[in-house]
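In: Need a 3D model of the following:
(one chain, ligands or ions: 1)
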Amino acid sequence: MIGKLILEDGSVFQGMLASGTKAVGEVVFNTGMTGYQEVLTDPSYCGQIVTMTYPLIGNYGVAELFEQARQSFVRGFVISELCGQPSSWQAEDSLVSYLKSRNIPCIYGVDTRAITRRIRSHGTMKGVIVPGDATESEIASLFAESLCTDVVEEVTTKEIYRIPGEGPHIAVMDFGIKRNILNSMAKAGCDITVLPAGTPANEVLALNPDGIFLSNGPGDPKDAPVDTVRELIGKKPVFGICLGHQLLGLALGGDTYKLKFGHRGSNHPVKDLATGRVYITSQNHGYAIDEKSLANLDVTITHRAVNDETVEGMRHKTLPVFSVQYHPEAAPGPDDSTYLFEEFMKLLNKETNKARGN
Ligand SMILES: NC(=O)CC[C@H](N)C(=O)O
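Out: Okay, here's the model as predicted:
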């Protein structure tokens, strides 16, 4: 069936609908050459229509192993060439049938380069996916739908669950966590309790964890539980990733702002300011911490994006609190930064020893 992606600025891109019929969301682009299934299931994309800039998507199929959440939360998926016949020893299904069985709206055969150039010059904007014969009023009523702001609520776990381990006990605030973050912490030996995003600070602290982890997640950090994070700071060591990093920034008294078109891809260079070493990182964020807002706070900027110099990591000067804007767990992307999970373990050990008076 013929379909159209229409952007808020009136531009129309015609293609074919692979699945679903209509969608409305914030149109963003991801530059990863692979990792489409991880992108589809990264809860941080909740509310968004994701355009893959790499021209061939679906060529290695899909497999349970790559799932990052209980389901996909993207509002829509935009592809140039959709491969119908995957070839991979790991493939359990084709991307087309995956999209169809989950009813994820997907348009393919569109000029993704043109879409990306438009978003890059005009900024991220609202868009809709509709069948080719949709009427003006159907399109207008889709555009009139407001983009939801309680996206963290939509993606977070509904119940507390545990991933037992022999090492330190980590209370994980699930704002939309990716499975590979949990895998990375489990690999580092952690004993994990995953908590719904709405868990009050006193209930988190009642678990008496050795450390607290603030996960990635969708939406504007100002719509997420900043107050809870503020109450947790200083009580236990804290590590934050992406939305977790932004929430720490806000809770410490800093500010966040929306980037023109965000950072989404698997090869974003980030500089560690202490060593000068550049790491290639996986990223997916539309907001960033305003560097100026950190100026009078007890915070050191530890990492910076090489492409646009935005803040990519910070550390509290006196408290055991640190965070990064990028995704050290990758999935998809390079694993240059997995060492950060080890750093968290070292920090926890140090704090435990301090508490014991060693
Ligand atoms: N991956 C994330 O945690 C994204 C954080 C936030 N929703 C942003 O877009 O900036």
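In: The residue of the stretch 51-200 of the chain found nearest the ligand: how many residues sit nearby?
Out: Here the stretch 51-200 of the chain gets closest to the ligand at one residue, Gly176, 6.8 Å apart by Cβ to the nearest ligand atom. Using the backbone N, CA and C atoms, a C-beta is placed for each residue, glycine as well. Residues contacting Gly176 under the criterion other Cβ atoms under 10 Å number 28.
In: List the contacts of it.
Out: 43-44, 46, 69, 73, 151-152, 155-156, 197, 215-218, 243 (Cβ atoms under 8 Å, 6 or more residues apart in numbering).
In: Now with 10 Å, please.
Out: With contact taken as Cβ atoms under 10 Å, 6 or more residues apart in numbering, Gly176 is in contact with 42-46, 68-69, 73, 151-157, 197, 215-219, 224, 242-243.
In: what do you get for Leu248?
Out: Residues in contact with Leu248 (Cβ under 10 Å, 6+ apart) are 214, 221, 226, 229-230, 232-233, 238-240, 254, 289, 299, 314, 316, 321-323.
In: Which of the helices or strands spans it?
Out: Per DSSP states H and E: Leu248 is located in helix 243-251.
In: Now do the helix or strand following that helix, average pLDDT.
Out: Next along the chain after helix 243-251, taking DSSP H and E as the criterion, comes strand 256-272. Strand 256-272 comes out with an average pLDDT of 98.
In: who does strand 256-272 pair up with?
Out: The pairing partners recorded for strand 256-272 under DSSP bridges are strand 278-289 (antiparallel), strand 299-305 (antiparallel).
In: so how far is the lengthiest helix in the chain from its chain's centroid?
Out: Using DSSP state H, we find that the single longest helix of the chain is helix 339-355. Centre-to-centre, helix 339-355 and its host chain are 25 Å apart (Cα atoms, centre = their mean, to the nearest Å).
In: Next: stretch 330-350.
Out: 17 Å.
In: go on, stretch 133-149?
Out: Centroid displacement of stretch 133-149 relative to its chain, using Cα atoms, centre = their mean, is 26 Å.
In: Just the pLDDT at Leu352, thanks.
Out: One correction, residue 352 is Thr, not Leu. The model's pLDDT for Thr352 equals 86.
In: mind checking how far it is from the ligand?
Out: In this view, Thr352 and the ligand are 28 Å apart by Cβ to the nearest ligand atom, to the nearest Å.
In: and the gap between the closest residue to that residue other than its chain neighbours and the ligand?
Out: Leaving aside its sequence neighbours, Thr352 sits nearest to Asp210 (Cβ to Cβ, 6 or more residues apart in numbering; 6.3 Å). Per Cβ to the nearest ligand atom, Asp210 is found 23 Å from the ligand.
In: Which of the contacts of Gly176 fall in helices?
Out: With DSSP H as the criterion, helices contain 151-155, 243 from among those.
In: so which of the residues you listed is the most crowded?
Out: Leu243 (29 neighbours).
In: could you list every residue that touches it?
Out: Leu243 sits next to 43-44, 152, 173, 175-177, 197, 214-221, 224, 256, 285, 287, 325 when contact means Cβ under 10 Å, 6+ apart.
In: Tell me the gap between stretch 98-112 and the middle of its chain.
Out: Centroid displacement of stretch 98-112 relative to its chain, using Cα atoms, centre = their mean, is 20 Å.
In: end-to-end on that stretch?
Out: Distance between the boundary residues of stretch 98-112 (Cα to Cα, to the nearest Å) amounts to 21 Å.
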